[in-house]
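Peer 1: Need a 3D model of the following:
(2 chains)
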Amino acid sequence: MGDYIVLIISCIFINNILLAQYLGNCPFLGTSKKMETAVGMAFAVVFVLVMAGVITWVVNQYVLTRFGLEYLRTIAFILVIASLVQFVEMFLKKSIPALYAGLGIFLPLITTNCAVMGVCLINVNEEYTFVQAIVSSFAYAIGFGLALILFAGVRERIMLARVPKPLEDTSIGLVTAGILSLTFFAFKGMV
Amino acid sequence: MIEALIFMLCIGAICGLALSIASKVFYVYEDPRIAKVEDFFAGANCGGCGYTGCSAAAVAVVDGKAPPGVCIVAGSEAALKVAALMGLDPGTAEPITSYNECKGGHRATDKYYYSGLNTCKALAALYGGKRDCEIGCIGFGDCVKSCTFDAIHMGPEGYPVVDEMKCVGCGACEKACPKSILTIRTMSERLLHFNEEDDALAPCRQTCPAEIDIPKYISQIQSGDYEGAVNTIRERNPLLLSCGRVCPHPCEDYCRRGIEDEAVSINQLKRFVADFELDSEKHLPIPCAPDTGKRAAVIGGGPAGLSCAYFLRRLGHSVTIFESMPHLGGMIRYGIPEYRLPKAILDWEIEGILNLGVEARTNATFGEDFDIGYLAAEGFNAIFVGVGAWVDYTLKVEGENLGGCYTGIDFLSRLAGGEKFPLGRRAAVIGGGNSAIDCVRNLIRLGVEEVWIVYRRTRAEMPANEVEIEAAEHEGVKFQFLAAPMKVIGDEEGNATHLEYQKMELGEPDASGRRRPVPIEGSETLLEVDTLITAIGQRPDMFFKEKSKRLDPLEITRWNTIDANPETLQSSIPHIFTGGDSATGPSLVVEAIGGGRRAARSIHQYLTEKPVAPVKKSLFKRHIPGTIFDSVKGIERTPRAEMPELTVKERITSFIEVDQVLSEEDAQKEANRCLSCCRICYNKDVG
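Peer 2: Numbers count the residues shown, from 1 in each chain, chains lettered A, B, ... in the order given. Got it, this is the predicted structure:
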């Protein structure tokens, strides 16, 4: 049990997918202007990342490793994740229209999100067990959501501040992201 | 290798199969129009429409939340197709385009050597962007790099040039430019813009009551873009054919070339391009914003009313003009004589405005044939009252009602309406304004042998335009200055035979700065006349106010004009606006046109439920301090283009238009005399 807690803390804080591993910067900057969209995106990532973590672990364990096709991992994962997202989108649209409307555009956006891909590859590289893979996927997604929501809060405040024109919008966003990333470095050595 | 291929085929097949089954199982009915609408969009997922992706925009269109023209990339053609699919009236999609106020010219030298990164943003961050002046372009081309549609390039002078054909108005350049040189504006925003203190405005443009961008259209003439020049003028003045003929061009009084040389003949250039459109016999297309569903009534089809109706229509409102006379045009049809503004040309110009979808009801007098209650019942949301100033002041002397006596505007309008007058051999017109000159020049053409102007001051004090006075002199009008009419003497049949006047001399200057005429005792003189026209000024007729109780709160000034805020032109009844002579008293046509646009702006605010407020930092009837120079260096004197005219002999025997249009060669020469103030980087110290 203790191992899992360590895993969770390390995935959320120490190896935060956005601020320590610098993956998924596109939605990080793109969907962090408004708190509302940031929250939507965070939930969508949690949802998709857990699903993707499970299915890619299965694919890797029972297909790729078994037939010695590890070198096809990246392309196989891309295909699987893309199909999965499409499938989930259709499923939600039919079964849970409310959730579908809530996640909206973010669901298909995640198809090409490198954070999802990154976590799946990490799971494989670290040789996690099935349960560990699920836990790590979930924790990374929570870390993603945490960073995104924190960042959106900061950016909403920045909208009210006087920013020199050359630094407006994305420029000041990147500077902020850098500072936020530095603060996450404080977690290094925690575990 | 084989394994890899088999594996990929298998995984592809499984995914495909799973998805196709899922799409059957999880099929949800979706409006088929969404997919069709999406097909018309550009598919760029650029987000310029404000929706997250093209399909979201398509859903919004089908839901009726977004207009058919939502896609800014696909343009108006796609908007029409979408509208056709949705069974909507597309209106005309309102194009948004990027505008660069700065035309370029000679770049002023840099103040310091900059060795930083070659982007405008970096320079702006480090040095506040001041290469030479605070407003100028930095010239590293961040805008060019930001444009994904390849619509901006650096011109030969180092200033960005926007290709309006390619620009979709996405706003990337506006965001990229740290100096706000490029701005994205919709047509409505441009039409509603009034001069502000911070604008880069040439003195002529500050002076023009209609605020036409004069340097821009002159530069378009220079480059041979006559259609562009017409469109530039039309953003401020829909009556360019009329104004090009009759405007006394106050702008030219402030022309910087005029400080050292003769002023640029701005109005003749306006007439040149206006006639260019007329001669092409095809109205240039005028875009209108999508319909708003709001209705406005315009009472009075004169220049103010036409201008107001034109701008409201272009802003997307539905407009109906009510005119008491049989034809539209107001004072420019019934006051200005045929030889200055031929009726056929005026008809063509008005046709262009009505073609936008403006409805006109003639022979409908406000207060007689319909009242304000009718307008309310008909569902008009706002009313513009531009009834003009049509009541002549009278002399209040004995005998002025004798046969052969007329009043100025009454005479001119009846003449323009086709009425024939039994005129005698000798006529006198009392007054020194433009109406008086119009009367005498008409009388000459009607075959009266001897025509007098009787004016109580001297020629120098005449309020009429100098060119008009000169033309009257050439045509043989006689002048009796310093004469105040005392009475009109008639014969037994009640027809006028003589005008008795008293001679005057000039005394001390009065409130208007003109020397006051003082009568000379015992100097009464008789002038033999059989026709007498009094043209000593007009005032608006406010009789309609008495006809309806609803108009009781409408405040009237002591000059009998509607009391309104001079900047918003909103009257004391919030949904009634005014403009033109009925707001200002008798004034220039171009003033009425400017007033019409000003009222249109307020009405637009009123109809779109925004507070009716004047422009911030407004430059209303003022000049920007420091822009009016005493001297201008480095000007080579060149004569101004002469107005081609008919010979006097041709003139006085017909009503053919006297003033002729410039030739293309002369217009080019004249346009090149323009100093392009506020359009080129001009360093006052260097010259």
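Peer 1: Tally up the residues packed near residue B:74, please.
Peer 2: For residue B:74, the number of neighbouring residues by other Cβ atoms under 10 Å in any protein chain shown comes to 21. C-beta coordinates here come from the backbone N, C-alpha and C atoms, glycine included.
Peer 1: Give me the local confidence score for it.
Peer 2: Here the pLDDT value assigned to residue B:74 is 74.
Peer 1: pull the longest helix from chain B.
Peer 2: Ranked by number of residues, the top helix in chain B under DSSP state H is helix B:2-25.
Peer 1: for residue B:527, what are its contacts?
Peer 2: Contact analysis of residue B:527 by Cβ atoms under 8 Å, 6 or more residues apart in numbering or on different chains lists B:428, B:452, B:454, B:480, B:498-501.
Peer 1: Up against chain A, what does the stretch 151-300 of chain B have?
Peer 2: Proximity of the stretch 151-300 of chain B to chain A, by Cβ under 8 Å from any Cβ of the partner chain, involves residues B:175, B:178.
Peer 1: remind me which residues of the stretch 151-300 of chain B are low pLDDT?
Peer 2: Low-confidence segments of the stretch 151-300 of chain B, defined by pLDDT under 70: B:157-158, B:164-165, B:169, B:180.
Peer 1: for it, what spans make up the helices?
Peer 2: For the stretch 151-300 of chain B, the helices identified by DSSP state H, counting those that start in this stretch occupy B:172-176, B:187-191, B:203-207, B:214-222, B:226-234, B:240-246, B:250-253, B:257-260, B:266-279, in order along the chain.
Peer 1: Quickly check: the lengthiest helix in chain A near chain B or not.
Peer 2: The single longest helix within chain A, with elements called by DSSP H, is helix A:130-160. No: using Cβ under 8 Å from any Cβ, helix A:130-160 never reaches chain B; the gap is at least 14.7 Å.
Peer 1: residues near residue B:159, how many?
Peer 2: Other residues within reach of residue B:159 by the criterion other Cβ under 10 Å amount to 20.
Peer 1: Determine the three-state secondary structure at the closest residue to residue B:297 other than its chain neighbours.
Peer 2: With sequence-adjacent residues excluded and distances taken as Cβ to Cβ, 6 or more residues apart in numbering or on different chains, residue B:297 is closest to residue B:380, at 4.1 Å. When the structure is reduced to helix, strand and coil (DSSP: H, G, I helix; E, B strand; the rest coil), residue B:380 reads as coil.
Peer 1: List the residues that contact residue B:380.
Peer 2: With contacts taken as Cβ under 8 Å, 6+ apart, residue B:380 has the following neighbours: B:295-297, B:320.
Peer 1: Retrieve the pLDDT associated with it.
Peer 2: Confidence for residue B:380, expressed as pLDDT, is 93.
Peer 1: before we move on, the earlier item: and the longest helix of chain A, what other elements does it pack with?
Peer 2: Judged by 3 or more Cβ pairs under 8 Å, 6 or more residues apart in numbering or on different chains; DSSP states H and E, the packing partners of helix A:130-160 are helix A:2-9, helix A:25-30, helix A:35-59, helix A:114-125, helix A:170-185.
Peer 1: now the following helix or strand past the longest helix of chain B: mean pLDDT?
Peer 2: Counting by DSSP states H and E, the element after helix B:2-25 in chain order, helix or strand, is helix B:32-40. Here helix B:32-40 scores 83 as its mean pLDDT.
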